[in-house]
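> Here is a sequence together with a model predicted from it:
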Amino acid sequence: MKENNRQIYDIAIITVLALLYFLASQIRFESTIKNEIISAVIFPSEGIALAFALFFGKKVWPGIFIGQFMIAYGNGIEIIPSIFVSSINSIEAIIAVTLFNKFNLNKNLEEFRDIIGLLLIIFFILQPFSAIMSNLSLYYFDVITKDDMLTSIFSWWFGNVIGQFLYTPFLLTLFNHYKNLNIKDYLFNGIIFGVYIYFLLNTFNISSPLLLLCLTLPILIYVVYKRNIAYGFFMNVIASHILSLNIGPFIYQSGSINIIDYNLYILTTIIVVFSAGMIFENQKKQEEWLQQIIKREVRKNREQQLLMLQQNRLAQMGEIISMIAHQWRQPINNLALLHQLIVSKYKKNSLDDKMIEYFKTNAKQQINMMSNTIDDFRNFFKPQENKKEYYIDEVIENILNIVRQLYSRHNIKISNIQKTKYKCFGYPNSLGHAILNIINNAKDALIEKNVTEKKITITVDEKDGDITITISDNAGGIPEDIIDKVFDPYFSTKNEKNGTGLGLYMTRMIITEHMNSKIFVHNSSEGAVFSIILKGDLCEKIK
């Protein structure tokens, strides 16, 4: 069943091609001054045949043979030379398909090499073969004379070359892209362009091909730029038919001169459409390629930032676990002492209700302290997707509650100086992470440099309408040659202590990108000073 359907389909294609080949030639001959089969006039049938052969394959050669035979025989050529000419044109199509496949050219004509390859094959192989072999056959059967041989070969070659240059790309783009074309817009542009040319020729009586080129080429280039090259091919076909109506600049000379001028005009527009189409198509592909690269790099950058954020959070969690262990050490010791006390009382038979109540109260107090510590850390690391109102002093105090025990172990004094209370709208946990990164960085610097009186000072002030959170230390500052690099990813001066180089980078990311705020660093006489600037329109002073 499928095989039968395939055969019916192939027969239909061959029949359609034969009819198109014959009708296109007859219409073209009727529109020219001389009704001759050998003429330099554009021969659309050759372009139609080549497009069908390249798109549907070698199997369409019978359609070319039948169409060419009807043309030749119908124009007074005897049956034997008509068969020879028809066979040569059929072989030409088979050669075209073979060469296209051999050189790996794409019938979609999407690449520069496909278009150039098609034009070169037509110009240097197909039409020289067709013109020479066909005219030799006609000469052999006395259809043409020896004196007419060179003129006939040139006319045959020239008309067929322009016909294939004009119709083959037009039909191939139509066959390959008709599903993606807006047919109404496609036809509308072609018809409007035809009306425009007809109006120019009839209204202004243009006699110069150069002037006509100047008035039509900009429109062709513009449409190719705005739409695509398929529109340009179609508009060229429309123009070729309008200009063959014996109007315009191609009726003022002798017949052969008019035909050559007409062909040269069409050839010029074809070359311009090809060139503009390739340039604009290449530009579009470059833009698409750049957009893909940008999207890929943005995606990679986001993935890298997420990885950095995860690494930074893991590093923070390591320090937080250390802080939890330190804060739990005292209540665990107290619970151990209470346990020893109650066991001792039990062994001495002195365990009474008062001692049980004392144990119950104190044990519960120590357990609550440990539970509150867990809640503090859990809230601190809770992800926040939505903005909410928060108080800056509460954010800072929550951070200090987390780190105070560990910092006191290293004899680091943290001062929180706030003259005024501020309520802001944003991401409190993100701000807390940023502040924690900065004070941890200060802690490491103080410990590394073994400062005698270690200090970290946090102040909150209003400056120029914005709220500035300043975090300073007395560790001596950051060397001037690296101070501009401290916010760079993976930059660290603590490699020997397993510094990740992500803390301050993620701090800048949080402040600038997530919170849309600013962060700066400079050195004072005592040490480094970090300033986080929150936009004033997101904060208000609480009296």
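Now that the structure is in, tell me what you want to look at. Numbers count the residues shown, from 1 in each chain.

> For Tyr186, give its distance to Phe234.
Separation of Tyr186 from Phe234 (C-beta to C-beta, to the nearest Å): 6 Å. For glycine as for every other residue, the C-beta is placed from the backbone atoms N, C-alpha and C.

> if you count what's nearby, which of the two comes out ahead?
Using other C-beta atoms under 10 Å, the more surrounded residue of Tyr186 and Phe234 is Phe234, with 24 against 19.

> That one sits in which helix or strand?
helix 229-242 (DSSP states H and E).

> what's downstream of that helix, the next helix or strand?
Next element after helix 229-242 (DSSP H and E): helix 255-347.

> got the angle between that following helix and helix 229-242?
Here the directions of helix 255-347 and helix 229-242 differ by 160 degrees (axes from the mean of the first three to the mean of the last three C-alpha atoms, to 10 degrees).

> Which strands or helices does helix 255-347 pack on?
When contacts are defined as 3 or more C-beta pairs under 8 Å, 6 or more residues apart in numbering; DSSP states H and E, helix 255-347 packs onto helix 112-121, helix 149-177, helix 209-226, helix 229-242, helix 353-380, helix 392-409, helix 428-448, helix 503-509.

> same thing but at 7 Å, please
Using 3 or more C-beta pairs under 7 Å, 6 or more residues apart in numbering; DSSP states H and E, the elements in contact with helix 255-347 are helix 112-121, helix 149-177, helix 209-226, helix 229-242, helix 353-380, helix 392-409, helix 503-509.

> Among the ones you listed, single out whichever gets nearest to Ser90.
When those are compared by C-beta to C-beta, helix 149-177 sits nearest Ser90, at 14.3 Å.

> Would you mark the buried spots in that closest one?
For helix 149-177, burial by neighbour count (16 or more other C-beta atoms under 10 Å) applies to 152-153, 155-174, 176-177.

> Can you list the helices and strands that the helix or strand that comes right after it packs against?
Following helix 149-177 in sequence order, the next helix or strand is helix 183-204 (DSSP H and E). Counting contacts by 3+ C-beta pairs under 7 Å, 6+ apart, helix 183-204 is packed against helix 209-226, helix 229-242.

> now with 10 Å?
helix 149-177, helix 209-226, helix 229-242 (3 or more C-beta pairs under 10 Å, 6 or more residues apart in numbering; DSSP states H and E).

> tilt between it and helix 149-177?
Using the same axes, to 10 degrees: helix 183-204 against helix 149-177 is 140 degrees.

> what angle do helix 183-204 and helix 209-226 make?
Using the same axes, to 10 degrees: helix 183-204 against helix 209-226 is 160 degrees.

> So what touches helix 183-204?
Among residues not part of helix 183-204, those counted as contacts by C-beta atoms under 10 Å, 6 or more residues apart in numbering are 174, 177-178, 181-182, 206-207, 211-212, 215-216, 219-220, 223, 226-228, 230-239, 241-243, 245, 247-251.

> Try it again at 6 Å.
Ile206, Val223, Tyr231, Phe234, Met235, Ile238, Ala239, Ile242, Ile247, Gly248 (C-beta atoms under 6 Å, 6 or more residues apart in numbering).

> And for the fourth one, nearest residue in space, chain neighbours not counted?
This means Phe234. Distance criterion C-beta to C-beta, 6 or more residues apart in numbering; nearest residue to Phe234, sequence neighbours excluded, is Gly190 at 4.7 Å.

> mind listing the strands for the stretch 401-543 of the chain?
Ranges of strands in the stretch 401-543 of the chain, per DSSP state E, counting those that start in this stretch, are 412-418, 421-426, 454-463, 466-473, 518-523, 528-534, 539-542.

> With mean neighbour count and mean pLDDT added, can I get the ones you listed in TSV?
Below are the strands of the stretch 401-543 of the chain laid out as TSV (neighbours: other C-beta atoms under 10 Å; pLDDT from 0 to 100):
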stretch	mean neighbour count	mean pLDDT
strand 412-418	15	88
strand 421-426	18	90
strand 454-463	18	92
strand 466-473	21	94
strand 518-523	16	93
strand 528-534	21	94
strand 539-542	14	85
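
> got the helices and strands packed on helix 255-347 as a markdown table, with distance to Ser87 columns?
Output for these, formatted as a markdown table (distance: least, C-beta to C-beta, whole Å):
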| stretch | distance to Ser87 |
| --- | --- |
| helix 112-121 | 20 |
| helix 149-177 | 16 |
| helix 209-226 | 37 |
| helix 229-242 | 28 |
| helix 353-380 | 88 |
| helix 392-409 | 91 |
| helix 503-509 | 75 |
